[in-house]
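[1] Here is a sequence together with a model predicted from it:
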Amino acid sequence: MSAAEPLIGRLTVAIASGKGGTGKTLVATNLAVAASRAGSPVALVDCDADAPNDALFLAPEAPQVSAVDVPLPVVDESACTLCGACRAQCAYGAIRILGGRVMVFPEMCHDCGACVRVCRPGALREQPRRVGEVEWGRVPGGLAGPAGIDVVTGRLDIGEVKTPTVIRAARKRAEVLGRSLTVLDSPPGVACVAVAAMRGADVLVLVTEPTPFGMHDLELAVDLGHEMGVPLGIVVNRDTGASSEVDVFAAREGIPVLARIPFDRRVAEVYASGGLVIDEHPDGARWFEALWDAVRALAEGEA
Amino acid sequence: MQRIVFASGKGGTGKTTLTALTARLLADAGERLALADCDVEAANLPIALRAEVVSSEPFTGGSKAVIDAEACRGCGACALTCRFDALGPSADYFRTFSYVVDQWACEGCAACVSACPYGAITMVESQAGEVMAAESGPGPMVFGRLAPGEDLSGKLVTEVRRCADGIAGEQAIERMWIDGPPGVGCPAIAAITGTDLVVGVTEPTLSGEHDLMRLVTLARRFKIPVAVVLNKADLSESGARRLRERIVAEGLELIGEVPYDPAVGVMPERLARGELTAYPEGPGMDAVRSIAAWLSEQGPATR
């Protein structure tokens, strides 16, 4: 199967890393363009809701925005008997009884709804509370590829902590668009936030750099990938050409290296100005076309 | 005690590099620092400063639901209650008629426990990570390691800081430097709460600027002053100019500009490998020295 042929069926590729700043956004945006130009309809989902940057590189035309709400329990004091069942039920310590009143602490609440279920007098109900937004729109065909690219961005409101909820909302929005290829640009790390971005992906592409730090954080990300049971591939960014512990590790674990992007000031400069390396670096097209090929091979179990 | 946190919003801007190098420079001048690495998903400061772990403690976070397959009758009441899509029929449902828990999705709210008519679900406490106390050149260091996929990174950060505060108090250390996590979500909030100064490490890229401003907004909400370090400053002239203007307009203090200098960039790696015998000379290192000097002049907060 060649990358020149459009994708048949649906494929979800998550771009992730343990360490921050390894080049996830670089890889996700350029891979989306490469796949789009090869004829596959693409949705790019920016799941780094703490620091979403994909739309700086691929700015959609006339984006639409919708709020992400979570249900927050509120107390009807006239009905509350102060029985304490809600407080006992809450696994997160988000409900306390202070001064003869039930208090809900929004930043600790996981909006699981358990307290509302156990409240016999019916004194708790839920009200929507905004925690972020999802923005989506299309980068028109021509610039990006024949079909255009749908760019969906999850954005957490500053001071909020419900990053996974915002990510899930962004992914649901992309799901509705129904494109053949979904590229998930994940947040750094290996916690619940990263899992929310990667869960259910068909292929996990881990971006790393050949340093002791990249190596350390790659191992954590590989552990997570193995536990989630997803086929893995590695992109080595800022590759110096010299063999590194990352190569040794990849060979030992049997994880394919899908692409290498050299340590090149020009790559950093293009990225700095919000440009696409696939267009503005002489070797960019070659790197990302080959990456799209390798990702498809991995998804089809050929790697 | 004075607490300074290095943060950035965007990952990979040089937080750990700057924390490690300035801490080393202060240590060379005879200062002793307490250090806390609050990136519990990818702790790199202990690698850069070759910290030796003295003791570690398990970090028990929340619980996860476990279904007793014998007692489960497969009615699905649990799945109807769960807000996190964590419950579903087992793979061989038509033989066993039992439901299973997706450990990645379960947030431990226990709503399913009370929903189950057969008492088949119990909550089991899980180990969510570890807190490590270590010794490094510049002084004692505390860091955390979150188990893959856990949802308690903020809590673990708070635990790391509590432990670091304890050690600094015991050893009568006056300064604590905190290497913060990327993002502005739950772990970032836990890392900057109660500090005296946020050092925002940024780069003259569109994403760097965008994410720095999200960090600044967050820090203002906590009424913590922000000083900015412009890393890789000569990567983009227009980007750097825009950032400088932005810094002035926002009333922030620019405490240093570090040029894009591979000699500085590889220093954490050389420190980590124990290969750094002398500091390289050049504009990059000069800039780091002047930042270290500025930081060392900052007294404990007077506010």
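    The structure has been received and is ready for your questions. Residues are numbered from 1 along each chain as shown, chains lettered A, B, ... in the order given.
[2] what's near enough to touch residue A:77?
    Neighbour list for residue A:77: A:101, A:102, A:123 [criterion: C-beta atoms under 8 Å, 6 or more residues apart in numbering or on different chains]. In short, each C-beta sits where N, CA and C put it, glycine included.
[3] which of these tops the neighbour count?
    Ranked by neighbour count (other C-beta atoms under 10 Å in any protein chain shown), the contacts of residue A:77 have residue A:102 at the top, with 24 neighbours.
[4] Leaving out sequence neighbours, find the closest residue to that residue.
    Among residues not flanking residue A:102 along the chain, residue A:75 sits closest, at 4.6 Å (C-beta to C-beta, 6 or more residues apart in numbering or on different chains).
[5] In which helix or strand does residue 128 reside?
    Defaulting to chain A. For residue A:128, the host element (DSSP states H and E) is strand A:124-139.
[6] um, chain B though
    strand B:121-136.
[7] Return the list of helices and strands in contact with that strand.
    Packing contacts for strand B:121-136, counted by 3 or more C-beta pairs under 8 Å, 6 or more residues apart in numbering or on different chains; DSSP states H and E, involve helix B:45-48, strand B:52-67, helix B:111-115, strand B:139-146, helix B:153-170.
[8] now those in CSV, with distance to chain A and mean pLDDT?
    Shown next, in CSV, are those (distance: least, C-beta to the nearest C-beta, whole Å; pLDDT from 0 to 100):
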stretch, distance to chain A, mean pLDDT
helix B:45-48, 6, 96
strand B:52-67, 6, 93
helix B:111-115, 4, 94
strand B:139-146, 6, 97
helix B:153-170, 4, 96
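[9] Out of those, which is closest to residue A:18?
    Of all the helices and strands packed on strand B:121-136, strand B:139-146 sits nearest to residue A:18, with 10.6 Å by C-beta to C-beta.
[10] Now chain B against chain A: closest residue?
    Residue nearest to chain A within chain B (C-beta to the nearest C-beta): residue B:12, separated by 0.9 Å.
[11] Where does that residue sit, in terms of helix or strand?
    Counting by DSSP H and E, residue B:12 is part of no helix or strand.
[12] who's in contact with the residue of chain A found nearest chain B?
    Closest residue of chain A to chain B, C-beta to the nearest C-beta: residue A:21 (0.9 Å). By C-beta under 8 Å, 6+ apart, residue A:21 lies in contact with A:188, B:10, B:11, B:12, B:13, B:182.
[13] do residue B:278 as well
    With contact set as C-beta under 8 Å, 6+ apart, residue B:278 has no partners.
[14] Would you list the phi and psi of it?
    Note on residue B:278: its backbone torsions stand at phi -140, psi 150 [degrees, to the nearest 10].
[15] picking that back up, and the angle for the strand holding residue B:128 with helix B:153-170?
    Interaxial angle of strand B:121-136 relative to helix B:153-170 (axes from the mean of the first three to the mean of the last three C-alpha atoms, to 10 degrees): 40 degrees.
[16] what does the average pLDDT come to for strand B:121-136?
    Strand B:121-136 shows a mean pLDDT of 94.
[17] which parts of that strand are buried?
    Residues of strand B:121-136 classed as buried: B:121, B:123, B:126, B:128, B:129, B:130, B:131, B:132, B:133, B:134, B:136 (neighbour count, 16 or more other C-beta atoms under 10 Å in any protein chain shown).
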